[in-house]
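In: With the input below, show me the fold.
(one chain, ligands or ions: 1)
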Amino acid sequence: MRTFPSLPCESSGATTRPDAYAGGVPEGDSVWRAARRLDRGLAGRVLARSDFRVPQHATADLSGRTVLGTVTHGKHLFTRVEDGLTLHTHLRMDGSWTVLGAGRRLPRRLVPHIRVELLTNDDRRGLALQMPVVELVPTADEPRLTAHLGPDPLRDDWDAAEAMRRLAARPDRPLAAALLDQRTLAGLGNLWVNELLFVRGHSPWTPAGDVDTAPLVAMARRMLRQSITVRGNGQVTTGDARPGEEHWVYGRSGQPCRRCRTPVRHVPEVPGDAERRATWWCPHCQSGPAPAPGRVPGTAESP
Ligand SMILES: [Zn+2]
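Out: Numbers count the residues shown, from 1 in each chain. Below you'll find the model as predicted:
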(Lines give C-alpha, C1' and ligand atoms only; values in the text may rest on other atoms or scores of the structure.)
Protein backbone atom coordinates (compact mmCIF):
# COMPACT_ATOMS: atom_id res chain seq x y z
CA MET A 1 0.00 0.00 0.00
CA ARG A 2 1.32 3.38 -0.88
CA THR A 3 1.51 6.06 1.76
CA PHE A 4 0.64 9.69 1.46
CA PRO A 5 1.70 12.67 3.50
CA SER A 6 -0.64 14.16 6.07
CA LEU A 7 -2.87 16.96 4.92
CA PRO A 8 -4.70 19.65 6.83
CA CYS A 9 -8.31 18.86 5.98
CA GLU A 10 -11.57 20.67 6.50
CA SER A 11 -12.14 24.02 8.09
CA SER A 12 -11.32 22.67 11.53
CA GLY A 13 -7.71 22.49 10.46
CA ALA A 14 -7.46 18.99 11.90
CA THR A 15 -4.62 17.08 10.33
CA THR A 16 -5.72 13.80 8.88
CA ARG A 17 -4.80 11.60 6.03
CA PRO A 18 -7.21 11.75 3.15
CA ASP A 19 -9.87 9.12 3.83
CA ALA A 20 -8.97 7.43 0.60
CA TYR A 21 -5.84 6.10 2.23
CA ALA A 22 -7.18 5.32 5.66
CA GLY A 23 -8.08 1.73 4.87
CA GLY A 24 -6.00 1.05 1.79
CA VAL A 25 -7.82 1.66 -1.45
CA PRO A 26 -11.02 3.69 -1.53
CA GLU A 27 -14.19 1.76 -0.80
CA GLY A 28 -17.79 2.89 -0.88
CA ASP A 29 -17.74 4.20 2.66
CA SER A 30 -14.57 6.25 2.20
CA VAL A 31 -16.02 7.67 -1.02
CA TRP A 32 -19.22 8.53 0.89
CA ARG A 33 -17.10 10.34 3.50
CA ALA A 34 -15.32 12.30 0.77
CA ALA A 35 -18.74 13.40 -0.51
CA ARG A 36 -19.77 14.60 2.96
CA ARG A 37 -16.50 16.56 3.25
CA LEU A 38 -17.26 18.19 -0.09
CA ASP A 39 -20.79 19.01 1.05
CA ARG A 40 -19.59 20.57 4.31
CA GLY A 41 -17.01 22.64 2.48
CA LEU A 42 -18.66 23.56 -0.79
CA ALA A 43 -22.40 22.88 -0.94
CA GLY A 44 -24.50 26.00 -1.15
CA ARG A 45 -21.49 28.18 -1.91
CA VAL A 46 -20.71 30.08 -5.07
CA LEU A 47 -17.52 29.24 -6.94
CA ALA A 48 -15.14 32.15 -7.42
CA ARG A 49 -12.87 30.09 -9.61
CA SER A 50 -12.38 26.62 -11.00
CA ASP A 51 -9.18 25.14 -12.34
CA PHE A 52 -9.20 21.90 -14.30
CA ARG A 53 -5.72 20.51 -14.83
CA VAL A 54 -6.84 17.74 -17.13
CA PRO A 55 -6.51 18.12 -20.89
CA GLN A 56 -10.13 17.49 -21.81
CA HIS A 57 -11.47 20.24 -19.54
CA ALA A 58 -8.53 22.66 -19.44
CA THR A 59 -10.74 25.56 -20.52
CA ALA A 60 -13.77 24.70 -18.37
CA ASP A 61 -14.92 27.51 -16.09
CA LEU A 62 -17.47 26.99 -13.32
CA SER A 63 -17.01 30.42 -11.72
CA GLY A 64 -20.24 32.11 -10.64
CA ARG A 65 -22.07 28.81 -10.23
CA THR A 66 -23.38 27.51 -6.91
CA VAL A 67 -22.29 24.03 -5.81
CA LEU A 68 -25.49 22.09 -5.15
CA GLY A 69 -24.00 19.01 -3.50
CA THR A 70 -22.24 15.70 -4.05
CA VAL A 71 -23.93 12.34 -4.37
CA THR A 72 -22.27 8.96 -4.65
CA HIS A 73 -23.04 5.62 -6.22
CA GLY A 74 -20.54 2.96 -5.25
CA LYS A 75 -17.13 4.53 -5.75
CA HIS A 76 -18.31 7.26 -8.13
CA LEU A 77 -18.77 10.87 -6.99
CA PHE A 78 -21.08 13.32 -8.71
CA THR A 79 -20.60 16.94 -7.66
CA ARG A 80 -23.50 18.95 -9.01
CA VAL A 81 -23.32 22.63 -9.81
CA GLU A 82 -25.91 25.10 -10.98
CA ASP A 83 -27.24 25.03 -14.51
CA GLY A 84 -27.29 21.26 -14.87
CA LEU A 85 -23.60 20.41 -14.76
CA THR A 86 -21.99 17.57 -12.84
CA LEU A 87 -18.34 16.95 -12.07
CA HIS A 88 -17.93 13.18 -12.13
CA THR A 89 -14.87 11.79 -10.32
CA HIS A 90 -13.68 8.32 -9.42
CA LEU A 91 -10.81 7.76 -6.99
CA ARG A 92 -9.75 4.33 -8.27
CA MET A 93 -6.51 3.49 -6.41
CA ASP A 94 -4.77 6.81 -5.91
CA GLY A 95 -7.25 9.67 -6.15
CA SER A 96 -8.53 11.71 -3.22
CA TRP A 97 -10.63 14.76 -2.46
CA THR A 98 -9.33 17.25 0.08
CA VAL A 99 -11.35 20.18 1.38
CA LEU A 100 -9.53 23.16 2.86
CA GLY A 101 -11.12 25.86 5.01
CA ALA A 102 -10.69 29.58 4.49
CA GLY A 103 -7.08 30.70 4.57
CA ARG A 104 -5.65 27.21 4.36
CA ARG A 105 -3.35 26.12 1.59
CA LEU A 106 -2.21 22.79 0.28
CA PRO A 107 1.40 21.94 1.16
CA ARG A 108 3.55 22.96 -1.78
CA ARG A 109 4.80 19.43 -2.43
CA LEU A 110 1.26 18.29 -3.17
CA VAL A 111 0.43 21.05 -5.66
CA PRO A 112 1.65 19.02 -8.66
CA HIS A 113 -0.97 16.39 -7.76
CA ILE A 114 -3.91 18.77 -8.20
CA ARG A 115 -6.26 17.76 -11.01
CA VAL A 116 -9.21 19.97 -10.07
CA GLU A 117 -9.41 22.98 -7.79
CA LEU A 118 -12.78 24.47 -6.85
CA LEU A 119 -12.46 27.76 -4.95
CA THR A 120 -15.54 29.26 -3.30
CA ASN A 121 -16.11 32.98 -2.91
CA ASP A 122 -15.49 32.59 0.84
CA ASP A 123 -12.05 31.06 0.18
CA ARG A 124 -12.79 27.39 0.71
CA ARG A 125 -11.18 24.88 -1.57
CA GLY A 126 -12.10 21.49 -2.91
CA LEU A 127 -9.05 19.80 -4.35
CA ALA A 128 -9.06 16.63 -6.39
CA LEU A 129 -5.59 15.11 -6.07
CA GLN A 130 -4.21 12.46 -8.42
CA MET A 131 -7.76 11.89 -9.64
CA PRO A 132 -7.75 9.36 -12.46
CA VAL A 133 -11.30 10.10 -13.62
CA VAL A 134 -12.40 13.71 -14.06
CA GLU A 135 -15.23 14.58 -16.40
CA LEU A 136 -17.77 17.35 -16.67
CA VAL A 137 -21.11 16.02 -17.83
CA PRO A 138 -24.71 17.19 -17.96
CA THR A 139 -26.38 16.25 -14.67
CA ALA A 140 -29.01 14.52 -16.78
CA ASP A 141 -26.32 12.05 -17.91
CA GLU A 142 -25.60 10.71 -14.42
CA PRO A 143 -27.96 7.73 -14.80
CA ARG A 144 -26.09 6.69 -17.91
CA LEU A 145 -22.81 6.65 -15.97
CA THR A 146 -24.22 4.46 -13.20
CA ALA A 147 -26.48 2.22 -15.27
CA HIS A 148 -24.05 -0.70 -15.07
CA LEU A 149 -23.67 -0.52 -11.28
CA GLY A 150 -25.41 -2.77 -8.79
CA PRO A 151 -27.37 -1.36 -5.86
CA ASP A 152 -25.37 0.65 -3.31
CA PRO A 153 -25.95 -0.18 0.39
CA LEU A 154 -25.26 3.45 1.34
CA ARG A 155 -27.89 4.94 -0.93
CA ASP A 156 -31.55 5.49 -0.11
CA ASP A 157 -32.53 3.45 -3.17
CA TRP A 158 -30.63 0.37 -1.88
CA ASP A 159 -32.38 -2.75 -3.12
CA ALA A 160 -31.30 -5.92 -1.31
CA ALA A 161 -33.43 -8.16 -3.53
CA GLU A 162 -31.74 -6.78 -6.62
CA ALA A 163 -28.28 -7.41 -5.12
CA MET A 164 -29.34 -11.02 -4.37
CA ARG A 165 -30.70 -11.41 -7.88
CA ARG A 166 -27.38 -10.24 -9.34
CA LEU A 167 -25.43 -12.67 -7.14
CA ALA A 168 -27.73 -15.52 -8.17
CA ALA A 169 -27.42 -14.68 -11.86
CA ARG A 170 -23.96 -16.27 -11.94
CA PRO A 171 -24.18 -19.08 -9.38
CA ASP A 172 -20.80 -20.63 -10.22
CA ARG A 173 -18.87 -17.46 -9.59
CA PRO A 174 -16.63 -17.37 -6.49
CA LEU A 175 -18.08 -15.07 -3.85
CA ALA A 176 -15.01 -12.84 -3.55
CA ALA A 177 -14.96 -12.03 -7.25
CA ALA A 178 -18.75 -11.62 -7.37
CA LEU A 179 -18.83 -9.20 -4.45
CA LEU A 180 -15.90 -7.16 -5.78
CA ASP A 181 -17.69 -6.73 -9.09
CA GLN A 182 -19.39 -3.34 -8.84
CA ARG A 183 -22.09 -4.58 -11.22
CA THR A 184 -23.28 -6.95 -8.48
CA LEU A 185 -23.28 -4.57 -5.55
CA ALA A 186 -21.68 -1.14 -5.69
CA GLY A 187 -19.36 0.02 -2.97
CA LEU A 188 -17.60 -3.02 -1.57
CA GLY A 189 -13.83 -3.02 -2.02
CA ASN A 190 -11.31 -5.66 -1.08
CA LEU A 191 -11.22 -4.85 2.63
CA TRP A 192 -14.95 -5.18 3.10
CA VAL A 193 -15.23 -8.30 0.94
CA ASN A 194 -12.50 -10.11 2.90
CA GLU A 195 -13.96 -9.11 6.24
CA LEU A 196 -17.54 -9.80 5.20
CA LEU A 197 -16.69 -13.32 4.05
CA PHE A 198 -14.94 -14.01 7.36
CA VAL A 199 -17.88 -12.71 9.39
CA ARG A 200 -20.31 -14.83 7.35
CA GLY A 201 -18.00 -17.89 7.46
CA HIS A 202 -17.69 -18.41 3.70
CA SER A 203 -14.40 -19.08 1.92
CA PRO A 204 -13.66 -16.60 -0.88
CA TRP A 205 -14.02 -19.43 -3.42
CA THR A 206 -17.49 -20.51 -2.38
CA PRO A 207 -19.76 -20.43 -5.45
CA ALA A 208 -22.31 -17.65 -5.10
CA GLY A 209 -25.11 -20.15 -5.72
CA ASP A 210 -24.11 -22.25 -2.69
CA VAL A 211 -24.87 -19.69 0.01
CA ASP A 212 -27.89 -17.98 1.49
CA THR A 213 -27.31 -14.53 0.03
CA ALA A 214 -29.96 -12.72 2.11
CA PRO A 215 -27.86 -12.58 5.32
CA LEU A 216 -24.71 -11.96 3.28
CA VAL A 217 -26.17 -8.93 1.55
CA ALA A 218 -27.74 -7.71 4.80
CA MET A 219 -24.38 -7.93 6.56
CA ALA A 220 -22.66 -6.06 3.71
CA ARG A 221 -25.09 -3.19 4.20
CA ARG A 222 -24.77 -3.28 7.98
CA MET A 223 -20.96 -3.15 7.86
CA LEU A 224 -20.83 -0.26 5.38
CA ARG A 225 -23.49 1.72 7.22
CA GLN A 226 -21.77 1.13 10.54
CA SER A 227 -18.55 2.41 9.01
CA ILE A 228 -20.03 5.77 8.04
CA THR A 229 -21.62 6.39 11.44
CA VAL A 230 -18.37 6.49 13.42
CA ARG A 231 -15.93 9.35 13.57
CA GLY A 232 -12.52 9.02 11.97
CA ASN A 233 -11.69 5.88 10.08
CA GLY A 234 -14.73 3.66 10.22
CA GLN A 235 -13.06 0.72 8.54
CA VAL A 236 -12.84 -1.29 11.74
CA THR A 237 -14.59 -4.66 11.69
CA THR A 238 -13.46 -6.17 15.00
CA GLY A 239 -14.70 -3.32 17.16
CA ASP A 240 -11.11 -2.66 18.25
CA ALA A 241 -9.64 0.41 16.56
CA ARG A 242 -6.11 -0.04 17.95
CA PRO A 243 -3.48 -0.30 15.21
CA GLY A 244 -3.17 -3.91 14.08
CA GLU A 245 -6.41 -4.95 15.79
CA GLU A 246 -8.94 -3.45 13.38
CA HIS A 247 -9.55 -6.42 11.09
CA TRP A 248 -10.34 -10.13 11.28
CA VAL A 249 -8.30 -11.35 8.33
CA TYR A 250 -7.55 -8.47 5.95
CA GLY A 251 -3.80 -7.88 5.81
CA ARG A 252 -3.13 -10.53 8.51
CA SER A 253 -1.28 -13.18 6.51
CA GLY A 254 0.22 -15.84 8.79
CA GLN A 255 -1.13 -14.28 11.97
CA PRO A 256 -3.43 -16.35 14.20
CA CYS A 257 -7.15 -16.10 13.50
CA ARG A 258 -8.77 -14.03 16.24
CA ARG A 259 -11.39 -16.73 16.76
CA CYS A 260 -9.59 -20.06 16.36
CA ARG A 261 -5.84 -19.24 16.26
CA THR A 262 -5.38 -20.98 12.88
CA PRO A 263 -2.90 -18.95 10.79
CA VAL A 264 -4.69 -16.63 8.39
CA ARG A 265 -3.95 -17.55 4.78
CA HIS A 266 -3.34 -15.19 1.90
CA VAL A 267 -3.10 -15.41 -1.85
CA PRO A 268 -1.78 -12.47 -3.82
CA GLU A 269 -4.70 -12.38 -6.20
CA VAL A 270 -8.21 -13.70 -6.50
CA PRO A 271 -8.64 -15.95 -9.55
CA GLY A 272 -11.45 -14.48 -11.61
CA ASP A 273 -10.93 -10.96 -10.29
CA ALA A 274 -9.86 -8.78 -13.21
CA GLU A 275 -8.05 -6.38 -10.87
CA ARG A 276 -6.00 -9.21 -9.34
CA ARG A 277 -6.57 -8.21 -5.74
CA ALA A 278 -5.21 -10.22 -2.83
CA THR A 279 -7.41 -12.19 -0.50
CA TRP A 280 -7.07 -13.34 3.11
CA TRP A 281 -9.12 -15.97 4.90
CA CYS A 282 -9.16 -18.35 7.84
CA PRO A 283 -9.22 -21.92 6.51
CA HIS A 284 -10.90 -23.14 9.71
CA CYS A 285 -13.60 -20.51 10.24
CA GLN A 286 -14.52 -20.06 6.58
CA SER A 287 -16.01 -23.18 5.04
CA GLY A 288 -16.08 -23.87 1.33
CA PRO A 289 -13.54 -24.53 -1.39
CA ALA A 290 -10.04 -23.12 -1.04
CA PRO A 291 -6.72 -23.77 -2.75
CA ALA A 292 -4.43 -26.33 -1.15
CA PRO A 293 -1.58 -24.67 0.73
CA GLY A 294 1.08 -23.59 -1.72
CA ARG A 295 -1.05 -24.48 -4.72
CA VAL A 296 -3.19 -21.68 -6.05
CA PRO A 297 -4.09 -21.99 -9.72
CA GLY A 298 -2.29 -19.30 -11.65
CA THR A 299 -0.71 -17.77 -8.58
CA ALA A 300 2.01 -18.47 -6.05
CA GLU A 301 1.21 -18.65 -2.37
CA SER A 302 3.00 -15.92 -0.54
CA PRO A 303 4.23 -16.31 3.01
ZN1 LIG B 1 -10.47 -19.01 12.39
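
In: Identify the spatial nearest neighbour of Arg124, chain neighbours not counted.
Out: Gly41 (5.0 Å; CB to CB, 6 or more residues apart in numbering). Using the backbone N, CA and C atoms, a C-beta is placed for each residue, glycine as well.

In: isn't the one you found right next to Gly101, touching?
Out: Yes - under the criterion of CB atoms under 8 Å, Gly41 is in contact with Gly101, at a separation of 7.3 Å.

In: So the two - more neighbours on which side?
Out: Gly41 (24 against 17; other CB atoms under 10 Å).

In: I'd like the distance between that one and Arg221.
Out: 28 Å (CB to CB, to the nearest Å).

In: Next: Leu91.
Out: 21 Å.

In: which outside residues touch stretch 150-161?
Out: The contact list for stretch 150-161 (CB atoms under 8 Å, 6 or more residues apart in numbering) reads 28-29, 32, 72-74, 162-163, 166, 181-187, 214, 217-218, 220-221, 224-225, 228.

In: 6 Å instead?
Out: 28, 32, 73-74, 162-163, 166, 183-187, 217, 220-221, 224 (CB atoms under 6 Å, 6 or more residues apart in numbering).

In: Check stretch 82-100 too.
Out: Contacts for stretch 82-100 (CB under 6 Å, 6+ apart): 7, 9-10, 18, 20, 25-26, 34, 37-38, 41, 65-66, 76-80, 125-139, 142.

In: neighbour-wise, which of Leu91 and Arg221 wins?
Out: Comparing Leu91 with Arg221 by other CB under 10 Å, the one with more neighbours is Leu91, at 26 against 18.

In: returning to what we had before: show me what the host helix or strand of the residue nearest to Arg124 is packed against.
Out: Using DSSP states H and E, Gly41 maps to helix 28-42. Contact here means 3 or more CB pairs under 6 Å, 6 or more residues apart in numbering; DSSP states H and E; on that basis helix 28-42 packs against helix 19-22, strand 67-73, strand 96-100, strand 125-129, helix 213-229.

In: a markdown table for those, including mean pLDDT?
Out: As requested, the helices and strands packed on helix 28-42 are exported to a markdown table (pLDDT from 0 to 100):
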| stretch | mean pLDDT |
| --- | --- |
| helix 19-22 | 34 |
| strand 67-73 | 97 |
| strand 96-100 | 96 |
| strand 125-129 | 97 |
| helix 213-229 | 94 |
